[in-house]
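Chemist: okay, here's the prediction I keep looking at, along with the sequence it came from:
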Amino acid sequence: MFAFETFPVDPYMLQPKSDIIRRLQHEILPLQGYKSALGRSSLKIDLDAINPAFPNATFPLGAIHEFMVNAPGTKAATSGFVTSIISSLMKEEGVVLWISANRTIFPPALSFFNIDAHRIIFVDLRNQKEVSWAVEEALQVKGLAAVVGEVQELDFTASRRLQLAVEKSQVTGFILNNNKKNNTNASLCRWQVQVAPSIPIDNLPGIGYPCWKVDLLKVRNGCPGSWQIAWMNGRFSTTTNKRIVYKEFHKKTG
């Protein structure tokens with residue numbers, strides 16, 4: 001008679017493939033800088049049709065978002081889009097630090113995005129060396145809603161330090177990069193925002209909801225893409241046809 005040795009079956013291998021994939025995702029995403037994607041944050045940022053581009057359809061919080069501001073006219077569009085996202089981050093307690101060497105934001109205009117201007121602290125510095133230092137230090141401070149930094153360049157080493165800082169503090173960083181070169185760096189997302197024709201408000205000429213053409217050039221473990229998105233009555237609405245979206249939006253809101 002022959003004796004056969006038996007080995008216990010690993011319960012992990014008996015799970016359905018979908019459960020195994022979900023478990024691996026929960027183990028891998030935190031290692032790559034994603035924590036909000038696992039549902040650990042009660043705060044959700046709704047970017048309408050852009051949401052599916054992110055892992056678990058969740059806007060990454062506690063991460064570095066790089067915005068390329070390398071073409072004429074993109075600075076104002078980028079600042080507006082970033083401010084719209086920040087307004088959602090500021091629904092809870094906390095303030096935002098906006099750090100730059102050449103501020104162009106008009107604080108009273110922030111009320112359009114439902115932001116109290118006194119909750120954004122503008123740090124106006126003399127040069128880019130001071131800006132880079134201040135941004136890294138600010139991103140290490142727990143309790144801030146977000147940090148916005150306007151820089152001339154973001155290389156891999158600097159971006160890695162920033163990403164490590166936000167992974168510990170869970171502060172979301174928005175870096176407006178004025179460099180014309182798309183250097184490789186450690187940011188989770190890279191965006192480019194351009195102005196788009198606005199949606200009229202009550203058919204009044206010259207007055208409308210702000211719209212942007214948003215390109216998500218890079219998103220780790222996600223799906224890059226391009227969208228046209230508007231900020232309407234305190235929320236994002238994606239559109240390719242301004243008149244249709246305007247009518248549908250006002251049907252929903254009465």
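Modeler: Cool, the structure landed.
Chemist: when you work out contacts or count neighbours from here on, use the C-alpha atoms and nothing else.
Modeler: OK.
Chemist: tell me how far stretch 182-202 lies from the chain's centre.
Modeler: Mean C-alpha position of stretch 182-202 versus that of the full chain (CA atoms, centre = their mean, to the nearest Å) differs by 10 Å.
Chemist: ok, residues contacting it?
Modeler: 33, 63-69, 73-74, 77-78, 81, 154-157, 159-160, 163, 206-220, 228, 230, 242-243, 246 (CA atoms under 8 Å, 6 or more residues apart in numbering).
Chemist: which residue lies nearest the spatial centre of this structure?
Modeler: For the chain, the residue nearest the mean C-alpha position is residue 65 (5.4 Å; CA atoms, centre = their mean).
Chemist: alpha carbons only: can I get the strand or helix carrying that residue in CSV?
Modeler: Element membership for residue 65, per DSSP states H and E: strand 64-68. Listed next in CSV are the C-alpha coordinates belonging to strand 64-68 (Å, rounded to 0.1, in the frame of the first residue of the first chain):
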residue,chain,number,x,y,z
ILE,A,64,-1.0,65.2,-5.3
HIS,A,65,-2.8,66.5,-8.4
GLU,A,66,-0.6,68.3,-10.9
PHE,A,67,-2.2,70.8,-13.3
MET,A,68,-0.2,71.8,-16.4
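Chemist: partner strands of it and their direction?
Modeler: Using DSSP bridges, the strands paired with strand 64-68 are strand 172-177 (parallel), strand 189-200 (parallel).
Chemist: the stretch 1-150 of the chain: helices as residue ranges?
Modeler: 11-14, 17-28, 74-89, 128-138 (DSSP state H, counting those that start in this stretch).
Chemist: weakest of those helices in terms of mean pLDDT?
Modeler: By mean pLDDT, the lowest-scoring of the helices of the stretch 1-150 of the chain turns out to be helix 17-28, with a mean of 55.
Chemist: pretty sure residue 88 is touching residue 47, no?
Modeler: No: the pair residue 88 / residue 47 is not scored as a contact, 10.3 Å apart, by CA atoms under 8 Å.
Chemist: low-scoring stretches of the stretch 51-200 of the chain, by residue?
Modeler: 92-93 (pLDDT under 70).
Chemist: rerun at 50
Modeler: By pLDDT under 50, the stretch 51-200 of the chain contains no weakly predicted segment.
Chemist: of the contacts of stretch 182-202, which belong to strands?
Modeler: Secondary structure from DSSP state E places 64-68, 208-219, 228, 230 of those in strands.
Chemist: show me how to select, in PyMOL, the buried members of these.
Modeler: Selection of buried members from those for PyMOL, criterion 16 or more other CA atoms under 10 Å:
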select buried, resi 64+65+66+67+68+208+210+211+212+213+214+215+216+217+218+219+228+230
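Chemist: that older thread, show me what the residue nearest to the centre of the chain is bridged to.
Modeler: Beta-bridge partners, per DSSP bridges, of residue 65: residue 174, residue 189.
Chemist: hmm, residue 177 and it touching each other?
Modeler: No: Residue 65 lies out of contact with residue 177 (CA under 8 Å); the separation is 10.2 Å.
Chemist: buried residues of stretch 112-120, list them for me.
Modeler: Neighbour-count burial for stretch 112-120 [16+ other CA under 10 Å]: 113, 114, 115, 116, 117, 120.
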